[in-house]
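Engineer: please find the sequence and the predicted model below.
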Amino acid sequence: MAWTPDDIPDLTGRIAVVTGGNGGLGLVCVHELAKAGAHVVLAARDQDKARVADEQVRARNPAALTEIVPLDLGSLASVASTAETIQRSHPRIDLLVNNAGVMAMPKRTTDDGFEMQFGVDHLGHFALTAHLLPALLRADAARVVTVTSTVRFAGSPVDPADPHYTRGYGPWRAYARAKWANYHFGLGLQRQFEKAGLRATSNIAHPGLSNTDLQSRTVREGGAGWLGAASEVLAKRSGMPAALGARPQLRAATDPASRGGELYAPRYASNGPAVRRPILRRWDLDRRIADLWALSQRETDVLLDVTRA
C-alpha cells in the first residue's frame, strides 16, 4: 500500500515548525500536520500570504492549532529573532521542516550579502536549525527534515574562496549548488545527532516534479531563460499537485519507522508515491559535509554543534 497522510500517527501535543508554510508544499505540510493534531508554527516572509494560508487551513479544519511567525531567511537577524520568538512560546520543538526556498533567480544578494539562493535555501536554514537546537533537543525524539531536489545532481561543492558566486553566476547552477548543500546538511546533521548519542534525527526529502508556484515565480523573476519557461510548462502538464508532491517530506517528518539519515522521494524520481530511497554515499562524503559545515559557520557566524546547544 502506498504511503498517504492518513498514515501520519497522532501528533497531539507535538510542536511543529514549517518554513515557507504559506503556500505550495509547505502549506500542505501545515494542513496535514495540524490535521494529525500537531500545533504548527507557520514561519514565512510574506505575512499577508501567511494569513490567507492560515485561514485556508482553519477553514478545512476548524480545530487546527496553528500560529504565524515572520521569517525572512534572507536575513540572519530575522532568523535569530524568529527562533527567539518561537522558543519563547515553545521551549520544546518536536519537528522542524526546512521547506522554504527560491529557485533559479537572477543574481541577487541577501541582507547579509550572500548569494540569494545559497543564502535563503541553505544558510538561512542552517542558522535557523542552529538557533532552534535547544528546543529541538528538549523534545523526546525531535526530527528535522530538509527539502532538497534532484537538481542537486548538477550541483557542486561550494568554493570557499567564492561562496557567493561573485564570478560565473548562473541561476540554475546556483540553485543546484544550494540543493546540493541542503542534501549534505541533512546528512551532516544526522551524523552530529548520532555521534552525540541523541535520539533526535535528521532526514532529507525531495518532491520530484510538483506543480506549485515555484516554477511560475522563477519565470516571473525573469532570470532562468528558456529553461525556466520549460520547467513551468512541464510542471503544469505533468507535475504532481502539491498535495502529492508534499508527501515525501511529510513521510520523512512523521514515519515512525524512520531511523534518521534517510532520503524520501517519489518512487519514479519525478512522480509516484513517497518512498524511502537509497543514499548514494561517495567516498568523500565526510569531507564534503565537514567543508560545508565549516563554510556555513564561517559565513553565518553561527555555531551548529549539537553538543553545545
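Structural biologist: That came in fine, so what should we check first?

Engineer: now do the lengthiest helix in the chain: which elements does it pack against?
Structural biologist: Under DSSP state H, the helix in the chain containing the largest number of residues is helix 171-195. In this structure, helix 171-195 packs against helix 116-117, helix 125-138, strand 143-147, strand 201-205, helix 225-238, helix 285-300, with contacts taken as 3 or more CB pairs under 8 Å, 6 or more residues apart in numbering; DSSP states H and E. No exception for glycine: its C-beta is placed from N, CA and C like everyone else's.

Engineer: can you name every helix or strand that the fourth one contacts?
Structural biologist: Here strand 201-205 is seen to pack against strand 143-147, helix 171-195, helix 247-254, strand 263-266 when contacts are counted using 3+ CB pairs under 8 Å, 6+ apart.

Engineer: okay, the ones you listed in JSON lines with mean neighbour count next?
Structural biologist: Converted to JSON lines, these look like this (neighbours: other CB atoms under 10 Å):
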{"stretch": "strand 143-147", "mean neighbour count": "27"}
{"stretch": "helix 171-195", "mean neighbour count": "23"}
{"stretch": "helix 247-254", "mean neighbour count": "28"}
{"stretch": "strand 263-266", "mean neighbour count": "23"}
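
Engineer: between these, which one is nearest to L304?
Structural biologist: With CB to CB, the closest approach to L304 among those belongs to helix 171-195: 7.8 Å.

Engineer: so how many other residues sit close to V302?
Structural biologist: 18 (other CB atoms under 10 Å).

Engineer: how far off centre is stretch 24-38?
Structural biologist: Relative to the centre of its chain, stretch 24-38 is centred 14 Å away, using CA atoms, centre = their mean, to the nearest Å.

Engineer: again but with stretch 297-306, I slipped
Structural biologist: Relative to its parent chain, stretch 297-306 has a centroid offset of 18 Å by CA atoms, centre = their mean.

Engineer: what mean pLDDT does that stretch get?
Structural biologist: Within the predicted structure, the mean pLDDT of stretch 297-306 is 98.

Engineer: how long is it from one end to the other?
Structural biologist: In terms of CA to CA, to the nearest Å, the two terminal residues of stretch 297-306 are separated by 13 Å.

Engineer: buried sites along that stretch?
Structural biologist: With burial defined by 16 or more other CB atoms under 10 Å, the residues of stretch 297-306 counted as buried are Q297, E299, T300, V302, L304, V306.

Engineer: what do you get for stretch 2-16?
Structural biologist: W3, P5, D7, I8, L11, R14, I15, A16.

Engineer: farthest-separated two in those residues?
Structural biologist: Put simply, by CB to CB the two of the buried residues of stretch 2-16 set farthest apart are W3 and I15, 23.2 Å from each other.

Engineer: which stretches of this structure aren't confidently modelled?
Structural biologist: Per-residue confidence for the chain (pLDDT under 70) gives these ranges: 211-239.

Engineer: can you rerun that using 50?
Structural biologist: Within the chain, the set of residues satisfying pLDDT under 50 comprises 219.

Engineer: about what we covered before: can you list the helices and strands packed on helix 171-195 in TSV and add distance to N61?
Structural biologist: Putting those into TSV (distance: least, CB to CB, whole Å) gives the following:
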stretch	distance to N61
helix 116-117	33
helix 125-138	25
strand 143-147	21
strand 201-205	23
helix 225-238	27
helix 285-300	36
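
Engineer: nearest to A83 among these would be which one?
Structural biologist: Using CB to CB as the measure, helix 125-138 is the one of the helices and strands packed on helix 171-195 that comes nearest A83, at 3.4 Å.

Engineer: what angle separates the closest one from helix 171-195?
Structural biologist: Between the axis of helix 125-138 and that of helix 171-195 there is an angle of 20 degrees, by axes from the mean of the first three to the mean of the last three CA atoms, to 10 degrees.

Engineer: got the buried residues for helix 125-138?
Structural biologist: Buried residues in helix 125-138, defined by neighbour count with 16+ other CB under 10 Å: H125, F126, A127, L128, T129, A130, H131, L132, L133, A135, L136, L137.

Engineer: surely the second one and L303 touch.
Structural biologist: No - the pair F126 and L303 fails to qualify as a contact (CB atoms under 8 Å) at a distance of 10.7 Å.

Engineer: hmm, which two among the buried residues of stretch 297-306 are most spread apart?
Structural biologist: Once CB to CB is applied, these give E299 and V306 as the farthest pair, at 19.6 Å.

Engineer: now the nearest residue to Y175 once chain neighbours are set aside: how far from A44?
Structural biologist: Of all residues not flanking Y175 in the chain, A104 sits nearest, at 4.8 Å (CB to CB, 6 or more residues apart in numbering). Per CB to CB, to the nearest Å, A104 is found 21 Å from A44.

Engineer: count the neighbours of D121 for me.
Structural biologist: The burial metric for D121, expressed as a neighbour count using other CB under 10 Å, is 28.

Engineer: Three-state assignment for it, please.
Structural biologist: Applying DSSP: H, G, I helix; E, B strand; the rest coil to D121 yields a three-state assignment of helix.
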